[in-house]
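Colleague: This is a predicted model, with the sequence first.
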Amino acid sequence: MRTISRSISIGLLAAAFAAGPAAAAETLKIGFITTLSGPAGIIGKHMKDSVDLAVEHLGGKVGGLPTEIIYGDDQRKPDVGKQLADEMIKRNKVQFVSGIIWSNVMLAVAPTVTRAGVFMIGTNAGPHQLAGKQCSKYFFTTSWQNDSTPEAMGQVMTDQKLTDVYVIAPNYAAGKDMVTGFKKSFKGRIAGEVYTKLGQQDYQAEISQLRAKNPKAVFVFLPGGMGIQFVKQYTAAGLRDQIPLYSVYTVDEVSLPALKDVAVGQYETRYWSPDLDNPANKKYVSDFRKKYGYTPSFYGAQSYDGIMLIDSAVRAVNGNLNDKAGMIKAMEKADYASTRGKYSYNINHFPIQNYYLLQAVRNPAGQVEMQIQKVVLENHKDAYYKECRMK
Amino acid sequence: MNFLVVLEQILNGLQFGVMLFLMAAGLTLVFGIMNLVNLAHGSLYMVGAYLATAAYQWTGSFPLAVVLALAGTLIVGMLVEVVTLRTLYERDHLDQVLATFGLILFFNELIAIIWGRSALYTSLPRYLEGHVELLSGLNYPVYRLLIIFVGLAVAGLLWYVVTRTRLGMLIRAGASNRTMVAALGVNIRLLYTIVFGFGAALAGLAGLLAGPIYTAQPGMGELILIQVFVVIVIGGIGSIRGALFGAVLVGMVDTLGRAFLKPMLATVISLEAAQTAGPALASMLIYVLMAVVLAIRPEGLFPSRG
Amino acid sequence: MLTRIRTIALVLGLASLAALPPVALALDEPFYIDLFRRFMIFAIAAVSLNLILGYGGMVSFGHAAYLGIGGYAVGILAYYGIDNGFLQWGVAIGASALVALVIGAVSIRTSGIYFIMITLAFTQMLYFLGISVEEYGGDDGMSLLTLSQFGEWLDLSDATTFYYLVLAILIAFMYIVHRLVNSRFGMVIRAAKSNEVRTRAIGFSPYPYKLVAFMIAGAMCGLAGALLVNHTAYLTPDFMHWTRSGEIMFMVILGGVGTTAGPLVGTVALLLLEDTLSAWTTHWQLFLGIFLVLVVLFAKRGLAGLLPGGKRNG
């Protein structure tokens, strides 16, 4: 029933030339779950393309073993994600499950995977539950904990001595988490706090209210289409030059092609940017552009890193996939060339890493891109690791 | 909360309502006349937005792009009618729901294959970008005023066509007694195809107007579709007047609710509680409105005759 | 004779579902037990919707509400440390019936598209309520850390046991719906579907009958919600999203409305198709869309109608 075409087997031919003795018999199987269909399928595409590139960079052999990647489309539904994970573990007998964009899908999938004693390598969603009380030794993430990015932005705005900041986020869990994270480090006054409808299209009402309050700056978290709409309408309202706009997860390489000039001047904080200066990132970004003809996003960089992290773990145990303790130890060192540069893992297996301030600027070629302005938080730890009792 | 802000929010509500009206008019026409539940109406809105964007990039002229997109959605609509929907008029509403849902999936994926899944870059010509000063201290975007104007003009035009022209007469006659009109020698199939095409073009018009301020992306139609159904149900199905009234009502309630519900609640309950309850209530407001209207008037505010 | 063939086909279908776990285990493919368990849980929801949609003509576009209510009943009780399954599932059924009573009381006064939209409206309210309540995770949802407990003789964490429990409930519900629609009670709602005025004329007021049917359907779907949350060990307001309501509706229509086997056939067909197509291409929705249109155009009584002897009631 499940067709083989979901799986792409790479490097099986190369198995004949396998280097290590342990590698001869075993195949490394990685299940990669993301959203490939529907409107959010664009994020899934960024991730899948990056995974394919990572496998290609490793010559088709992750950790020196013949590798099979099994892709699954979660349709953005937690129960479908869980079903895919079950199938990958029970039918395909994968050693790693990776990917996952959405917090709610992750919260359904991660316990399923880790309870089965299989590694879960998150490459986007970083809900606080998994960083704290529900942490697991089998869970690692190459992304971030949700709160850290807005914390960085709060820091930026505090450093700039901004006060009277107007805050907008959608009325759902991640939206509230973002505002909580922001308030943790923002010391100025908040002029207004508005929660919008999830999936809202028109922000004119909110923009009119905002203008009436005349704040000194605006902080928003509006991911995906919501962000594109808000930023367009904010600029169209003529506010771009009057009140600076700061955001998290709102303007990125996925939404920039739809925004272009409208985004110029936008501030974002993030742990990664295409212009981050290190060899691994340069190779990733330039090969990605060459192969796919578009600029990668942080979703892609994390997914690329996910495969590289797995590679480092499997190499450390010489391809002995039964040595799970050895692989945990190896991954805890984060000993691989990450696209973000050197970082380390906290006790909850979330990265301790830098966060940067980025701005959307027009480059000499006339295109709009995100550029790093400065480091905001250095080797930043998330706020929940103390709640983690790793078993 | 000063007078100008309230006035501006009323304009915002009107503009949103007019946008809903453009969608609702086509949907309610098709429903009222052909008795067809068309979930794929949102897909035609998406097609309009994409065609306009592509045509604008290709020709560089906004008015020309508008014309091309309108003609395009008209043709796409008529094609869809001839190929699939024509045979469904006599069927159960359930069959229509299933088939038109199938069309939604088909169009979303087709658009994703042609233009990719990413949101499309849409822009406006310079002359539509600015603001006009309506009163001192009240600047309003030109483009949004244009939307209000276009919507009201379409409402007037539709009223004229339906009540004052021969085509309108045929439409009304076809709605109340299909067999009789056919017996009188009118090509009812062609009439239906034309009506459906016009409904599609109206959705396309809404889509091409929405493109520059919202996002053009696959699935954009479903974001607005449910609200449009709320509009036509509140207004009374098949009634253009009802669609206009329902659309402006929903637009106003939604916009003013988002703007003023929280501050108003905060005067009654604590700010903390208002912070939580306000947005939740604002999201539900149009559904509460619909439930209340239907509980009192089970056929909507302007039930169309038989 | 022809109805006999349909009965035999249905029995054969259920028998193969019953035979699935040992076969799957023998082939070392335990995953299929999970897969079909999920299918059957949605089939229970579809069976419950079929009662009001297929036989009663009440096209509820908000049936996912009860999946959510049932799920949250279990989830919230578990959150406060109450993991007694009898209590949890009892509350799930009771709460769903109660909500159905309220929604039904208002909605049944309307008909046609108005009914479709008002049921949708209520579910949208519940959905937005779900994502706003932070205590229970909002949009992030909540994990069910311990499954519903039924003492020693019934352990849901055993995949096969849980599977047979779901199958038993499915068969029971199909039987209950079958008996209901062929009872005097069922005659009234079916009569009201085909001609409400005439039903009144012969001395029945359909309203209370329809309301009771609406409540029963809600309660059944509430139990499906309780099963679903135990299946995924997790719940979110996403269970109540309007597209879910649509999907349950499509399962019924696809299988064939107003037939005993229809909801099961439709559910398995739709979910299996989704699963197979999505394994094959990321553009699977294009093909699913075409398939749905073709079914409507050429299989007028749904998939179950392709079996001989099928007739759509009303």
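Modeller: Sure thing, it's come through. The structure presented is a predicted model; accordingly, all values stated were derived computationally and were not measured.

Colleague: Confirm that A:Gly192 sits in a helix.
Modeller: No. Assigned with DSSP: H, G, I helix; E, B strand; the rest coil, A:Gly192 falls outside any helix and is strand.

Colleague: Neighbours of it, how many?
Modeller: 18 (other Cβ atoms under 10 Å in any protein chain shown). In short, each C-beta sits where N, CA and C put it, glycine included.

Colleague: In the stretch 101-250 of chain C, what residue spans correspond to strands?
Modeller: For the stretch 101-250 of chain C, the strands defined by DSSP state E, counting those that start in this stretch cover C:142-143, C:234-235.

Colleague: Figure out how far stretch B:124-131 is from the centre of its chain.
Modeller: 23 Å (Cα atoms, centre = their mean, to the nearest Å).

Colleague: Pick out the residue nearest the middle of chain A.
Modeller: A:Asn124 (3.2 Å; Cα atoms, centre = their mean).

Colleague: follow-up on the earlier one: mean pLDDT for the strands of the stretch 101-250 of chain C: which is lowest?
Modeller: In terms of mean pLDDT, the lowest-scoring of these is strand C:142-143 (a mean of 86).

Colleague: Go ahead and name everything in contact with it.
Modeller: With contact meaning Cβ atoms under 8 Å, 6 or more residues apart in numbering or on different chains, strand C:142-143 is reached by A:Leu107, A:Ala108, A:Pro111, A:Gln129, A:Gln134, C:Gly75, C:Tyr79, C:Tyr136, C:Ala233, C:Tyr234, C:Leu235, C:Thr236.

Colleague: what does the stretch 51-200 of chain C put close to chain B?
Modeller: Within the stretch 51-200 of chain C, the positions adjacent to chain B are C:53, C:59, C:106-107, C:109-114, C:116-118, C:120-122, C:124-125, C:128-129, C:132, C:134 by Cβ under 8 Å from any Cβ of the partner chain.

Colleague: From these, keep the buried residues only.
Modeller: Neighbour-count burial (16 or more other Cβ atoms under 10 Å in any protein chain shown) is assigned, among these, to C:53, C:59, C:106-107, C:110, C:113-114, C:116-118, C:120-122, C:124-125, C:128-129, C:132.

Colleague: Check which helices and strands the one helix or strand B:Met284 maps to sits against.
Modeller: Assigned by DSSP states H and E, B:Met284 falls within helix B:271-296. With contacts taken as 3 or more Cβ pairs under 8 Å, 6 or more residues apart in numbering or on different chains; DSSP states H and E, helix B:271-296 sits against strand A:190-196, helix B:220-235, helix B:240-268, helix C:85-107, helix C:112-132.

Colleague: Can I get those in JSON lines including distance to A:Asp382?
Modeller: Listed next are these as JSON lines, based on distance: least, Cβ to Cβ, whole Å:
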{"stretch": "strand A:190-196", "distance to A:Asp382": "23"}
{"stretch": "helix B:220-235", "distance to A:Asp382": "33"}
{"stretch": "helix B:240-268", "distance to A:Asp382": "31"}
{"stretch": "helix C:85-107", "distance to A:Asp382": "34"}
{"stretch": "helix C:112-132", "distance to A:Asp382": "24"}
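
Colleague: Can you add mean pLDDT and give the ones you listed back as a markdown table?
Modeller: Below are the helices and strands packed on helix B:271-296 laid out as a markdown table (pLDDT from 0 to 100):
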| stretch | mean pLDDT |
| --- | --- |
| strand A:190-196 | 90 |
| helix B:220-235 | 89 |
| helix B:240-268 | 90 |
| helix C:85-107 | 95 |
| helix C:112-132 | 88 |
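
Colleague: do you know which of those lies nearest A:Phe350?
Modeller: For A:Phe350, the closest of those is helix C:112-132, at 25.4 Å, according to Cβ to Cβ.

Colleague: ok now do the closest residue to chain B within the stretch 51-200 of chain C, which residues does it touch?
Modeller: Of all residues in the stretch 51-200 of chain C, C:Ser132 sits closest to chain B, at 3.5 Å by Cβ to the nearest Cβ. With Cβ under 8 Å, 6+ apart as the criterion, the residues that contact C:Ser132 are A:Asn171, A:Tyr172, B:Thr276, B:Pro279, B:Ala280, B:Ser283, C:Gly138.

Colleague: returning to what we had before: out of the strands of the stretch 101-250 of chain C, deepest packed?
Modeller: Of all the strands of the stretch 101-250 of chain C, strand C:234-235 has the most neighbours on average by mean count of other Cβ atoms under 10 Å in any protein chain shown, namely a mean of 30.

Colleague: anything in that strand near chain A?
Modeller: Yes. Strand C:234-235 lies within reach of chain A by Cβ under 8 Å from any Cβ, at C:Tyr234.

Colleague: Summarise which helices and strands that strand is packed against.
Modeller: Packed against strand C:234-235, as judged by 3+ Cβ pairs under 8 Å, 6+ apart, are the following elements: helix A:78-90, helix A:103-115, helix C:64-79, strand C:142-143.

Colleague: just how off-centre is it within its chain?
Modeller: Relative to its parent chain, strand C:234-235 has a centroid offset of 17 Å by Cα atoms, centre = their mean.

Colleague: List the neighbouring strands of that strand plus their orientation.
Modeller: According to DSSP bridges, strand C:234-235 forms sheet pairs with strand C:142-143 (antiparallel).

Colleague: got the angle between the helix holding B:Met284 and strand A:190-196?
Modeller: 30 degrees (axes from the mean of the first three to the mean of the last three Cα atoms, to 10 degrees).

Colleague: for helix B:271-296, the distance to its chain's centre please.
Modeller: On the basis of Cα atoms, centre = their mean, helix B:271-296 sits 22 Å off its chain's mean C-alpha point.

Colleague: Return the set of buried residues in it.
Modeller: Buried residues in helix B:271-296, counted by 16+ other Cβ under 10 Å: B:274-291, B:293-294.

Colleague: Enumerate every residue touching the residue lying farthest from the centre of chain B.
Modeller: Within chain B, B:Ser270 marks the point farthest from the mean C-alpha position, 37.6 Å out by Cα atoms, centre = their mean. Contact analysis of B:Ser270 by Cβ under 8 Å, 6+ apart lists nothing.

Colleague: B:Gly257 versus that one, what's the distance?
Modeller: Between B:Ser270 and B:Gly257 the computed distance is 20 Å (Cβ to Cβ, to the nearest Å).

Colleague: can you map out the helices along the stretch 251-391 of chain A?
Modeller: Assigned by DSSP state H, counting those that start in this stretch, the helices in the stretch 251-391 of chain A fall at A:256-259, A:279-292, A:298-316, A:324-332.

Colleague: quick one: the second one to helix A:298-316, angle?
Modeller: Our comparison of helix A:279-292 with helix A:298-316, counting by the same axes, to 10 degrees, yields an angle of 120 degrees.

Colleague: which helices and strands sit right next to helix A:279-292?
Modeller: Secondary-structure packing of helix A:279-292 (3+ Cβ pairs under 8 Å, 6+ apart): helix A:41-57, helix A:298-316.

Colleague: Run through the residues of the stretch 201-314 of chain C sitting next to chain A.
Modeller: C:228, C:231-234, C:236, C:238, C:272, C:274-276, C:278-280, C:282-285.

Colleague: the helices in the stretch 101-250 of chain B, which residues?
Modeller: Assigned by DSSP H, counting those that start in this stretch, the stretch 101-250 of chain B shows helices spanning B:142-164, B:166-176, B:178-183, B:188-210, B:220-235, B:240-268.

Colleague: For the helix or strand that contains C:Leu264, list the C-alpha coordinates in PDB.
Modeller: C:Leu264 belongs to helix C:262-280 when assigned by DSSP H and E. Output of helix C:262-280 as PDB, limited to C-alpha atoms (Å, rounded to 0.1, in the frame of the first residue of the first chain):
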ATOM      1  CA  GLY C 262     -21.500   4.000   3.400                       C
ATOM      2  CA  PRO C 263     -19.700   5.900   6.200                       C
ATOM      3  CA  LEU C 264     -17.300   3.100   6.700                       C
ATOM      4  CA  VAL C 265     -16.600   2.600   3.000                       C
ATOM      5  CA  GLY C 266     -16.300   6.400   2.500                       C
ATOM      6  CA  THR C 267     -13.900   6.900   5.500                       C
ATOM      7  CA  VAL C 268     -11.600   4.000   4.500                       C
ATOM      8  CA  ALA C 269     -11.600   5.100   0.800                       C
ATOM      9  CA  LEU C 270     -10.900   8.800   1.600                       C
ATOM     10  CA  LEU C 271      -8.200   8.300   4.200                       C
ATOM     11  CA  LEU C 272      -6.600   5.500   2.200                       C
ATOM     12  CA  LEU C 273      -6.600   7.500  -0.900                       C
ATOM     13  CA  GLU C 274      -5.000  10.500   1.000                       C
ATOM     14  CA  ASP C 275      -2.400   8.200   2.400                       C
ATOM     15  CA  THR C 276      -1.500   6.600  -0.900                       C
ATOM     16  CA  LEU C 277      -1.600   9.700  -3.000                       C
ATOM     17  CA  SER C 278       0.500  11.700  -0.600                       C
ATOM     18  CA  ALA C 279       3.100   9.000  -0.600                       C
ATOM     19  CA  TRP C 280       3.200   9.300  -4.400                       C
END
